[in-house]
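In: fold the following and give me the result.
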Amino acid sequence: MTNAPLLSFDLDRTYPAPPERVWAAFTRADLLERWVLPDPEWRLAKCEVDAREGGGYRLRFGPRPDGDAYSEVATFAVFEPVERLVFDVLTEGEGTSERSRCTVLLLPVEGGTRLELTVEGLSGPQAAEHLRTGWQWCLEGIAAQLDAAAL
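Out: I've put the predicted structure just below:
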């Protein structure tokens, strides 16, 4: 039996917030910039969001002090407010160019929202592991942003 390379992964997280607040974290630049960094030692140099189908987001981020090592451009292929967001992402920088497709489902559950994330179309296991780690940090960042907004 051979193991196929990991070219996709799934993550999920339940937040004690309504789906509208979790949706806003993905579709408002002022909220996205609070959680999108995949490493707490990095900074964000640019964050723009065009919240509509066919729109997307543009980021520049990376290690301090400049935060300008990587760019990430996403296009919203499916934009179903407060339920489903599908976006195609191109991440480039420091000799890396990676494409992926991300699907975010927001499911109302008792006491909050369950976010289910699928990332697919990756070039290989190393890219999948790096993006999985980055997305795990991001899902934690959403939790922190939602907690801070509740205060």
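In: quick one: least confident helix or strand in the protein?
Out: Least confident helix or strand, the chain: helix 125-150 with a mean of 89, by mean pLDDT, DSSP states H and E.
In: off-centre distance for that one?
Out: The chain centroid and the centroid of helix 125-150 are separated by 7 Å, computed with C-alpha atoms, centre = their mean, to the nearest Å.
In: okay, buried residues for the helix or strand encompassing Y57 please.
Out: Element membership for Y57, per DSSP states H and E: strand 56-63. Buried residues in strand 56-63, counting neighbours by 16 or more other C-beta atoms under 10 Å, are found at G56, Y57, L59, R60, F61, G62. Glycine gets a C-beta too; all of them are placed from N, C-alpha and C.
In: what's the last one in contact with, if anything?
Out: Meaning G62. W42, R43, A45, D68, A69, Y70, G93, E94 (C-beta atoms under 8 Å, 6 or more residues apart in numbering).
In: restricted to strands, list those.
Out: W42, R43, A45, Y70, G93 (DSSP state E).
In: how big is the angle separating the helix or strand P108 falls within from helix 125-150?
Out: Element membership for P108 (DSSP H and E) is strand 96-109. Inter-element angle recorded for strand 96-109 and helix 125-150: 50 degrees (by axes from the mean of the first three to the mean of the last three C-alpha atoms, to 10 degrees).
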